[in-house]
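> This is the structure alone, sequence omitted:
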């Protein structure tokens, strides 16, 4: 019971913060307001990625600011920490940061081909983590589903295995929005036989010690918690 109350409290805090972010975006007088989950438009030049060694797996983390390492030192983001964690597990892998802060699923779809074509070779695994900005902007879940479906279809066409990291609707979005948004990730994972990590912020959301002051993004300690849960899933998802 205490655990349930604690989780509910964290979700309510997340919902309140998400609402503040949404109001800030809605009140902006700029036509193209920055996306809530990160606002830096970080360029991802996949063409300059060094070719992995022959015995290294190539893992590409394709997502938004939760992948990009928003407001963290270069070696503290998801990709470098995940790479180190995999190596500690005996998995030789090069993890490429293809996260762009502020990306919606539409923005991710728009840059997918460029990212893939710029890689030194076909990835052994693609982590896909998009949808949080769609939700915080209140975009129609049907659009999010369509865009993610197109991304996963292209990866399947290219024969690239996928690990999909899911997102959940903030409570302030209401039950109808959650009912349309939350099933997107498990549904598409089943459709495309992708590995699913249900909630990217599991173990971090609501814990101020693990978050940046915005109450949404993980700090370096939060990234360590996420990677601690995610690394075994990634290792298992890599083709043998």
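On my side now, so go ahead. What you see is a predicted model, and the numbers here were worked out from it, not measured in a lab.
> To what extent is the closest residue to residue 62 other than its chain neighbours buried, counted in neighbours?
The shortest distance from residue 62 to any residue other than its chain neighbours is 4.5 Å, reached at residue 98 (Cβ to Cβ, 6 or more residues apart in numbering). All C-beta spots, glycine's among them, are computed from the backbone N, C-alpha and C. Using other Cβ atoms under 10 Å, residue 98 is surrounded by 27 other residues.
> so residue 98 sits right up against residue 67, yeah?
Yes. Between residue 98 and residue 67 there is a contact at 7.4 Å, judged by Cβ atoms under 8 Å.
> what's the overlap in contacts for those two?
residue 61 (Cβ atoms under 8 Å, 6 or more residues apart in numbering).
> any idea of the pLDDT on residue 227?
Confidence at residue 227, expressed as pLDDT, is 98.
> hey, where'd the helices end up in this structure?
Counting by DSSP state H, the chain has these helices, from start to end: 2-26, 65-68, 78-88, 105-117, 132-137, 141-157, 175-181, 184-191, 220-237.
> Quick check: which ranges of the protein have low pLDDT?
For the chain, the stretches flagged by pLDDT under 70 are 1-50.
> where does the most centrally placed residue in it sit relative to residue 193, distance-wise?
Nearest to the mean C-alpha position of the chain, by Cα atoms, centre = their mean, lies residue 129 at 2.7 Å. Using Cβ to Cβ, to the nearest Å, residue 129 is found at 18 Å from residue 193.
> Next: residue 225.
28 Å.
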